[in-house]
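Chemist: predicted model and sequence below, questions to follow.
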Amino acid sequence: MKNYRFLLSGYTRRTNKGIHVLDIRVDKSGVEDHSSLLLELEDPSYLAISGDKLFALSSRDRGGVLAYDFDRDGLNAKLINGVYQLGKAPCHLYFDQQRARLYASNYHLGRLDIFGLDKGGLSLVDSVELEGSGPVSPNQDGPRCHMALMAPNGQHIMVVNLGGDRVQTYAIDGEGGLRLLASYHTKAGMGPRHLVFSPYSKYLYLVGELDSTVEVLSYDECSGRLVHINIVSSLPEAYEGLVGNSGAAIKISNMKNQKGKYNLYVSNRGHDSLSVYEIGDNGDLSLLQNIASGGKNPRDFALTPDEKYLLVGHQDSDDIVLFKRMEDGSLSLVKKLDSRLDEIVCILPFD
């Protein structure tokens, strides 16, 4: 028997009320699931979790970042404090536990806000204004900060600028400040959204929201420079260039498949599917499978900690779907869960 637990959050414009806990039990008799409301909160569109701390976004007071003490066993979250009046709500959170820094990517303002965490809670310590624009209107009329993520060496922050078609590498100084090291420009109109590093840190994978592609880049951990290797479609060949599709989440396995290879997973909004790739020895991607996600607008998904299953939620339908990860890394539909939650845009597994 396997038990899995997830946090699910999203928008609250329809029936969703905030942040939910989803429990899933898998045994020989089948799958059982149960969801419960953890926090009633307006538009908690993204979450980050670290130890006994939970961080959430809220549109309250023109955009806020909230910190909670999180009791994982008792399933209780107690507000520490929040930083409000950010102008617009951010779209992504990343917490650097080593430095106690929370990075909030603000898509609408083209800005990365950096918060310090101490016993008193969160406080804004710095902001980085991005620059640039691209050919796709209105998405690229100006800079659009969509993600910040620590590189595996723990010394670089990678910042994804969808509006400026670039990924910027920042060095972190002893006080936690950022210094621009390198800037990589994608092809015009790609609209890079999210990225992941390979388990052995040498390669980086970047999903394009606006052109439905995945770019393979090499990463130099000393200079922070990125170099183009290859680019592939996030859709099967017959649907390449599909109008109305956009790339969303990108995740990578940390456990090898039966062939000794890692797998990469991408969600497609519009085509409403998940694409599965096998990663070659030189970092290149081979499309292994494209499978329907089981709902409308699969914004986010997550692998279980043991990587035996993958859970996907949907923004525009209340479908939560469980897939089994097969020996080659491909996905097989297990069940559309009994729990029904709409406007899901963030899924985080936790113990």
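Modeler: Now that the structure is in, tell me what you want to look at.
Chemist: where in the stretch 101-250 of the chain is pLDDT low?
Modeler: The stretch 101-250 of the chain contains no residues with pLDDT under 70.
Chemist: what about the helices in it?
Modeler: Assigned by DSSP state H, counting those that start in this stretch, the stretch 101-250 of the chain shows no helices.
Chemist: do I have it right that Gly154 meets Arg101?
Modeler: No: between Gly154 and Arg101 there is no contact under CB atoms under 8 Å: 11.9 Å. Using the backbone N, CA and C atoms, a C-beta is placed for each residue, glycine as well.
Chemist: ignoring the adjacent residues along the chain, who's closest to Leu285?
Modeler: Distances taken as CB to CB, 6 or more residues apart in numbering put Tyr277 closest to Leu285, at 4.3 Å, once the chain neighbours are dropped.
Chemist: which SSE is the one you found in?
Modeler: In this assignment (DSSP states H and E), Tyr277 forms part of strand 273-279.
Chemist: just checking, Val312 touches Phe301?
Modeler: Yes: using CB under 8 Å, Val312 is in contact with Phe301, at 3.9 Å.
Chemist: can you count the residues close to the residue nearest to Leu285?
Modeler: 25 (other CB atoms under 10 Å).
Chemist: can you check His185 too?
Modeler: 16.
Chemist: which outside residues touch the strand or helix carrying Val345?
Modeler: Assigned by DSSP H and E, Val345 falls within strand 344-349. Residues from elsewhere that reach strand 344-349 (CB atoms under 8 Å, 6 or more residues apart in numbering): 4-11, 16, 44-49, 299-305, 311-315, 320.
Chemist: likewise stretch 133-148?
Modeler: Against stretch 133-148 from outside (CB under 8 Å, 6+ apart): 91-92, 94, 103, 105-112, 129-132, 157-165, 188-189, 191-195, 209-210.
Chemist: let's go with 7 Å and repeat that
Modeler: Here stretch 133-148 makes contact (CB atoms under 7 Å, 6 or more residues apart in numbering) with 91-92, 94, 103, 105-107, 110-112, 130-132, 157-165, 188-189, 191, 193-195, 210.
Chemist: kindly report the same for stretch 62-74.
Modeler: Here stretch 62-74 has contacts from 49, 52-58, 77-90, 102, 104, 115, 117, 121-122, 350-351, using CB under 7 Å, 6+ apart.
Chemist: how does it look with 6 Å?
Modeler: With contacts defined as CB atoms under 6 Å, 6 or more residues apart in numbering, stretch 62-74 is touched by 52, 54-56, 58, 77-80, 82-86, 88-89, 104, 121-122.
Chemist: mind giving me the ChimeraX command for buried ones among those residues?
Modeler: In ChimeraX, a selection of the buried entries from the contacts of stretch 62-74 looks like this (16 or more other CB atoms under 10 Å):
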select :54,55,56,58,77,80,82,83,86,89,104,121,122
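Chemist: can you tell me which of the contacts of stretch 62-74 are in helices?
Modeler: In helices, judged by DSSP state H, none of those are found.
Chemist: how close does the most centrally placed residue in the chain sit to Asp319?
Modeler: Most central in the chain under CA atoms, centre = their mean is Ala249, positioned 5.5 Å from the mean C-alpha point. To Asp319, Ala249 is 16 Å away according to CB to CB, to the nearest Å.
Chemist: likewise for Ser233?
Modeler: In terms of CB to CB, Ser233 sits 25 Å off from Asp319.
Chemist: the strands in the stretch 1-150 of the chain, which residues?
Modeler: Secondary structure of the stretch 1-150 of the chain (DSSP state E, counting those that start in this stretch): strands at 2-10, 18-27, 30-40, 47-50, 53-58, 64-71, 76-83, 92-96, 101-106, 111-118, 121-129, 145-150.
Chemist: mind putting those in a markdown table, distance to Tyr262 included?
Modeler: Putting the strands of the stretch 1-150 of the chain into a markdown table (distance: least, CB to CB, whole Å) gives the following:
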| stretch | distance to Tyr262 |
| --- | --- |
| strand 2-10 | 21 |
| strand 18-27 | 23 |
| strand 30-40 | 26 |
| strand 47-50 | 24 |
| strand 53-58 | 28 |
| strand 64-71 | 30 |
| strand 76-83 | 34 |
| strand 92-96 | 22 |
| strand 101-106 | 26 |
| strand 111-118 | 29 |
| strand 121-129 | 31 |
| strand 145-150 | 18 |
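Chemist: so the residue nearest to Leu285 sits right up against Asp284, yeah?
Modeler: No: assessed by CB atoms under 6 Å, Tyr277 is found out of contact with Asp284, at 9.3 Å.
Chemist: what sits in contact with each of the two?
Modeler: By CB under 6 Å, 6+ apart, no residue touches both Tyr277 and Asp284.
Chemist: residues in contact with Leu22?
Modeler: Contacts of Leu22 (CB under 6 Å, 6+ apart): 6, 8, 35, 339.
Chemist: about what we covered before: mind listing what the residue nearest to Leu285 touches?
Modeler: 264, 285, 287-288 are the contacts of Tyr277 under CB under 6 Å, 6+ apart.
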